[in-house]
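> Quick one: sequence plus predicted model below, questions after.
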Amino acid sequence: MQQNIDVNSDIFQAELEKTWKFVEKVNKQFGFVQNPDDEVNEGVAMGLARNRLIYGKRYCPCFIVQGETEDERKVADNRICPCKPALEKEIPEDGVCHCGIFCTPEYAEQKSKEKQLDEASHTHSRGLTKEEAQMLVKKEQLDGDELESLLEARELGMVQFSLIDVRELMEYKMGHIKGTNELLPTTQFYDWMPKLLARKDENIILYCHTGSRSFQVQQILKSNGMQSIGNLYRGIISYPGEIVQG
């Protein structure tokens, strides 16, 4: 059994080419498409080619191949690509197989949008589109760059949400995020919670100092039926935008 594979060798490159043809055949047969992340596809394809050379079959590279002999591998519950769990459960339910190389068109489109959104919100090479802003405001855990991008989009009228500080008044006066709409201190949580629960259709984003208090508030509100409620998960200390005092 060949154990050491030289990925630059002619034999491996030839098998890799066969593997890509196999992937194209599976896609055509089942109506799948490639993952929009090329690194995922390349890694899985190379793993399939490696297993084909070592074991004679395209065993799923994301799982340990059980059995030292061919007979032992035949009776073991090894996944052979495209595997039964992927075809019957993973792709129908999740839109993607465990390894990630086979996706539904809908899953791939969504992941492409998320990738573009991530690049826009973290590099600030351009502003968010309206569609991207509407997607991002529904995200449960936001980082500082994402919140800053959302505030910029809100100023342009592309999205609506309320930014709420759940720290105490003294903390708020020391410095709060520009664009904060309300101060609702956690020490008064049970006083204002019913009023906030009445705003279930509103997009709301919470923040505190490090993200801990706001996360707790978020989880309680979610358990009480609020749907679109986000949290600045590292708090104001992670926010790169403008902080105002008073």
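It's in.
> where exactly do the helices run in the protein?
10-30, 38-55, 70-75, 84-85, 91-94, 105-123, 130-136, 144-155, 169-174, 189-197, 212-223 (DSSP state H).
> Contacts for the fourth one next, please.
Contacts to helix 84-85, defined as Cβ atoms under 8 Å, 6 or more residues apart in numbering, come from residues 79, 98. (C-beta placed from N, C-alpha, C; glycine too.)
> from the middle of its chain, how far away would it be?
Counting by Cα atoms, centre = their mean, to the nearest Å, helix 84-85 is centred 24 Å from the centre of its parent chain.
> So what's the model's average confidence on it?
The average pLDDT for helix 84-85 rounds to 94.
> Over to stretch 120-137?
For stretch 120-137, mean pLDDT is 81.
> Put the alpha carbons of it into PDB.
What follows is stretch 120-137, C-alpha atoms only, in PDB (Å, rounded to 0.1, in the frame of the first residue of the first chain):
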ATOM      1  CA  ALA A 120     -17.200  44.800   2.500                       C
ATOM      2  CA  SER A 121     -17.800  45.100   6.200                       C
ATOM      3  CA  HIS A 122     -14.200  44.300   7.300                       C
ATOM      4  CA  THR A 123     -12.100  46.000   4.600                       C
ATOM      5  CA  HIS A 124     -14.300  49.100   4.100                       C
ATOM      6  CA  SER A 125     -13.200  49.000   0.500                       C
ATOM      7  CA  ARG A 126     -16.700  49.900  -0.300                       C
ATOM      8  CA  GLY A 127     -20.000  50.500   1.600                       C
ATOM      9  CA  LEU A 128     -22.500  47.800   2.100                       C
ATOM     10  CA  THR A 129     -25.300  47.400  -0.500                       C
ATOM     11  CA  LYS A 130     -28.800  47.500   0.700                       C
ATOM     12  CA  GLU A 131     -29.200  43.800   0.400                       C
ATOM     13  CA  GLU A 132     -26.000  43.200   2.400                       C
ATOM     14  CA  ALA A 133     -27.100  45.600   5.100                       C
ATOM     15  CA  GLN A 134     -30.400  43.800   5.400                       C
ATOM     16  CA  MET A 135     -28.500  40.500   5.800                       C
ATOM     17  CA  LEU A 136     -26.000  41.800   8.300                       C
ATOM     18  CA  VAL A 137     -28.600  43.400  10.600                       C
END
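> In it, which residues are buried?
Going by neighbour count (16 or more other Cβ atoms under 10 Å), the buried part of stretch 120-137 is 120-121, 128, 132-133, 135-137.
> same thing with stretch 40-58?
Within stretch 40-58, the residues scored as buried using 16+ other Cβ under 10 Å are 40-41, 43-53, 55, 58.
> Please report the number of neighbouring residues for Arg234.
17 (other Cβ atoms under 10 Å).
> now the one 10 residues further on
The number of residues packed near Val244 is 10, by other Cβ under 10 Å.
> ok, and the closest non-adjacent residue to it?
With Cβ to Cβ, 6 or more residues apart in numbering as the criterion, Val244 has its nearest non-adjacent residue at 4.9 Å, and that residue is Lys178.
> Confirm for me that that neighbour is in contact with Tyr239.
No: using Cβ atoms under 8 Å as the test, Lys178 is too far from Tyr239 to be in contact (9.7 Å).
> Can you pull the domain assignment for the protein?
Using automatic domain parsing, the domains assigned to the chain come out as 10-103, 111-244.
> and the longest one, how far from the chain's centre?
By that I understand domain 111-244. Going by Cα atoms, centre = their mean, the spacing between the C-alpha centre of domain 111-244 and its chain's C-alpha centre is 18 Å.
> Return the list of helices and strands in contact with the helix-or-strand element of the chain with minimal mean pLDDT.
Within the chain, no helix or strand scores below helix 105-123, which has a mean of 82 by mean pLDDT, DSSP states H and E. On a contact count with 3 or more Cβ pairs under 8 Å, 6 or more residues apart in numbering; DSSP states H and E, helix 105-123 meets strand 33-34, helix 130-136, helix 144-155.
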